[in-house]
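>>> sequence-free structure coming up:
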Ligand code: PMP
């Protein structure tokens, strides 16, 4: 991975290789923690973090859902991320930020009330999550044999570390089968989300994306809905079944890391002309205009670090 100079850990900037934890850290054994994935882009006015406040708020809320009290405020963690970006003196087009709230060393056993809560933020330059070629030509998606766990036993809206076992199994299966990414259905057979992104499809000019009944309340999904409506498209939030995807005209994934990744094929069914569809392309280029600070209508979503 691309190393950087510093990692913010419990209030201090530490050299990258000094940001370590004890092997008996609670989260390592029992899997309770919360993460964020936030991104900064190099705009004409320097780096700007996209929707920083929304991401930090979601981090604290994810932790709350899984019974972890974060010992910092949203403002303090926003500030930490800005300071970290400045200190690292990045030069690339964009930088990924990974805040994590985890339970540290001192308590063993599943009951975690007394386990110390720790917070760290790392940042590094990260290329296209699903590949540069995928951004232009579209990726191949496999509907996973794993489904998103039922809401009675899982909290899919939390960006909880534990939820990524499900994602990881689905992703591995898809990649080993020769696909780029996995799409998970819910326990009733309707689309939930990809292993690390949200799903959109287009049919007869209508843009459709599922509600977050069993998926992360995605910030990029929300941005794309807002953008697409302003661009004049009809956007529907409703359940999507497998066979609808197979006859979609276009599809794409959205996420902070995935940005807008076109989907060209699902389970050996080629969508539309088998590449990046025309509406997808418009949405992708509008999204990049927004995050790179080229659309003043969305400037309120950008936190400039200087
Ligand atoms: N679903 C999952 C499982 C994810 O990991 C992500 C990436 N954070 C998303 C959806 C997209 O969320 P966001 O747009 O907030 O990055």
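That came through fine. Worth saying up front: this structure is predicted, and the values here are computed from it rather than measured. Numbers count the residues shown, from 1 in each chain.
>>> the residue in the stretch 1-150 of the chain that the ligand sits nearest to - nearest residue in space that isn't next to it in sequence?
Across the stretch 1-150 of the chain, no residue is closer to the ligand than residue 37, which sits at 4.5 Å (Cβ to the nearest ligand atom). (Glycine included, C-beta is placed from N, CA and C.) Of all residues not flanking residue 37 in the chain, residue 256 sits nearest, at 4.7 Å (Cβ to Cβ, 6 or more residues apart in numbering).
>>> can I assume the one you found is in contact with residue 40?
No: applying Cβ atoms under 8 Å, one finds residue 256 not in contact with residue 40, separated by 10.5 Å.
>>> higher neighbour count, these two?
Of the pair residue 256 and residue 40, residue 40 is the one with more neighbours under other Cβ atoms under 10 Å, namely 27 against 22.
>>> can you list the residues of the stretch 201-306 of the chain near the ligand?
Proximity of the stretch 201-306 of the chain to the ligand, by Cβ under 6 Å from any ligand atom, involves residues 215, 216, 218, 219, 220, 221, 254, 255, 256.
>>> let's see it at 5 Å
Contact residues, the stretch 201-306 of the chain versus the ligand (Cβ under 5 Å from any ligand atom): 216, 218, 219, 220, 255, 256.
>>> mind checking which of the residues you listed are in strands?
Members of those lying in strands (criterion: DSSP state E): residue 255.
>>> contacting residues around residue 278?
Listed by Cβ atoms under 8 Å, 6 or more residues apart in numbering, the contact set of residue 278 reads residue 250.
>>> gap between residue 265 and residue 227?
Noted for residue 265: a distance of 25 Å to residue 227, by Cβ to Cβ, to the nearest Å.
>>> of these two, which one has the most company?
residue 227 (21 against 18).
>>> for that one, which non-adjacent residue is spatially closest?
When the adjacent residues along the chain are set aside, residue 227 lies closest to residue 286, with 5.6 Å between them (Cβ to Cβ, 6+ apart).
>>> can I assume residue 69 is in contact with residue 63?
Yes: contact criterion Cβ under 8 Å: residue 69 and residue 63 qualify, at 7.3 Å.
>>> okay, and the common contacts of these two?
The contact sets of residue 69 and residue 63 overlap at residue 117 (Cβ under 8 Å, 6+ apart).
>>> so which of these two has more stuff around it?
Counted by other Cβ under 10 Å, residue 69 and residue 63 do not tie: residue 63 has more neighbours, with 24 against 9.
>>> show me what counts as buried in the strand or helix carrying the more buried one.
Using DSSP states H and E, residue 63 falls within helix 52-65. For helix 52-65, the neighbour count (16 or more other Cβ atoms under 10 Å) marks 52, 54, 55, 56, 57, 58, 59, 60, 61, 62, 63 as buried.
>>> tell me where the stretch 51-200 of the chain has helices.
Taking DSSP state H, counting those that start in this stretch to define them, one finds helices in the stretch 51-200 of the chain at 52-65, 74-88, 132-137, 164-176.
>>> for these, which one sits closest to residue 249?
Shortest distance between residue 249 and those, using Cβ to Cβ, is found for helix 132-137: 16.6 Å.
>>> any chance of the helices of the stretch 51-200 of the chain in a markdown table, with distance to the ligand too?
Formatted as a markdown table, the helices of the stretch 51-200 of the chain follow (distance: least, Cβ to the nearest ligand atom, whole Å):
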| stretch | distance to the ligand |
| --- | --- |
| helix 52-65 | 7 |
| helix 74-88 | 15 |
| helix 132-137 | 16 |
| helix 164-176 | 6 |
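>>> and those as a markdown table, adding mean pLDDT?
Listed next are the helices of the stretch 51-200 of the chain as a markdown table, based on pLDDT from 0 to 100:
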| stretch | mean pLDDT |
| --- | --- |
| helix 52-65 | 98 |
| helix 74-88 | 98 |
| helix 132-137 | 94 |
| helix 164-176 | 98 |
